[in-house]
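Participant: Quick one, fold the following:
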Amino acid sequence: MAGADHTPRAGDRHEPERVRVPEPELPDEVTFAELDRDVRGRLRTLSKENAQRVGRHLVMVGRLLDVDPELAYEHAAAAVRRAGRVDVVREAAGLAAYRTGRYAEALRELRTVRRLNGSSEHLAVMADAERGLGRPERAIALAQEPAAETLPAATRVELAMVVSGARLDMGQSEAAVAALSTELVRRAGGVLAVRVAQARAAALEAAGRHADAEAELAPYTQEQLDEAAGEVAVEEDVVVYDLLEDVEDVEDVEDVEPAAADEDVEPAAADEDVEPAAAGEDVEPATGEEPTPGDEDDEDRPAAEQADDDEGAR
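Facilitator: Next up, the predicted model:
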């Protein structure tokens, strides 16, 4: 009707119902004490009940990452919904996303970890995720950051293999060989040395140096090559726990006063790469760094965006 006021009144608005995401099952035998001591300490900012449940989800991520990455991802997502501001939780989410091919999400999570704790330990994973998104130039740029020089030798070797692969993606086969020809890389030992040999052989083949590629792999048995390629099941390590230490840590968690109802679920840390929420979705506005050009095309919204939606810890 002409002249009628069609401005919606507050009482007329219908807030969309939040969708509760079911958590994956936690076997009874999975305990908080199985976590690394340092990780247990990081969870002490949570209420007792929430810390216990988040910790058990992280144990499952560790158990499943190599054997069932998708289920590991579900446990990591459940942990993020409960404790999105804890760095080790976001780290687990990033690594699980990477292992399941959710490269954009892995980048967002691991960038958040860097902002939370200042660590660049996952630079090689981040660079490889850039390759997975078809951005080899960005992978190389990450490898050239000053922080890369501060990483442990094994991580720098991993990063060199990513750079070699990125060079191959760009059709630069000789540069790919050169990336794996440094003294640091050639000093690698154990399974890492076999993986380096396989990466060098691939680069040499691409450069048309077939005899050199064969010579690169000649020192290793087929069993060693299969193990390095992840085609041989590796027996689980036997972990011996300091039971007294574990009991003390668990008691420390149990002594923590329960947090207020609104504090049980930790909201996710703001992430510059999170895509805009759908209309009506209850998500905190992002803060922090400006997004890197091109990140707006990233796929797979991170589980962290749902951190405020889960009330299971209350």
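Participant: Going by C-alpha atoms from here, please, whenever you check contacts or count neighbours.
Facilitator: Noted.
Participant: State the helix or strand in which A178 lies.
Facilitator: Per DSSP states H and E: A178 is located in helix 173-179.
Participant: And the contacts of that helix?
Facilitator: 160-161, 163-168, 200, 203-204, 206-207 (Cα atoms under 8 Å, 6 or more residues apart in numbering).
Participant: In PyMOL, how would I select the buried members of those?
Facilitator: Selecting just the buried residues from the contacts of helix 173-179 in PyMOL takes one command, with 16 or more other Cα atoms under 10 Å as the test:
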select buried, resi 160+161+163+164+165+166+167+168+200+203+204+206+207
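Participant: Reformat the contacts of helix 173-179 as a markdown table; add pLDDT, distance to V39 and secondary structure.
Facilitator: Converted to a markdown table, the contacts of helix 173-179 look like this (pLDDT from 0 to 100; distance: Cα to Cα, whole Å; DSSP: H, G, I helix; E, B strand; the rest coil):
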| residue | pLDDT | distance to V39 | secondary structure |
| --- | --- | --- | --- |
| A160 | 97 | 29 | helix |
| M161 | 98 | 29 | helix |
| V163 | 98 | 31 | helix |
| S164 | 98 | 33 | helix |
| G165 | 97 | 33 | helix |
| A166 | 98 | 33 | helix |
| R167 | 98 | 37 | helix |
| L168 | 98 | 38 | helix |
| R200 | 97 | 36 | helix |
| A203 | 97 | 39 | helix |
| L204 | 97 | 42 | helix |
| A206 | 97 | 43 | helix |
| A207 | 97 | 45 | coil |
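Participant: What is the nearest of the contacts of helix 173-179 to L26?
Facilitator: Comparing the contacts of helix 173-179 against L26 with Cα to Cα places M161 closest, at 36.5 Å.
Participant: tell me the average confidence for stretch 210-217?
Facilitator: For stretch 210-217, mean pLDDT rounds to 97.
Participant: ugh, wrong one, stretch 138-155
Facilitator: Averaged across stretch 138-155, the pLDDT comes to 96.
Participant: Good, wrapping up.
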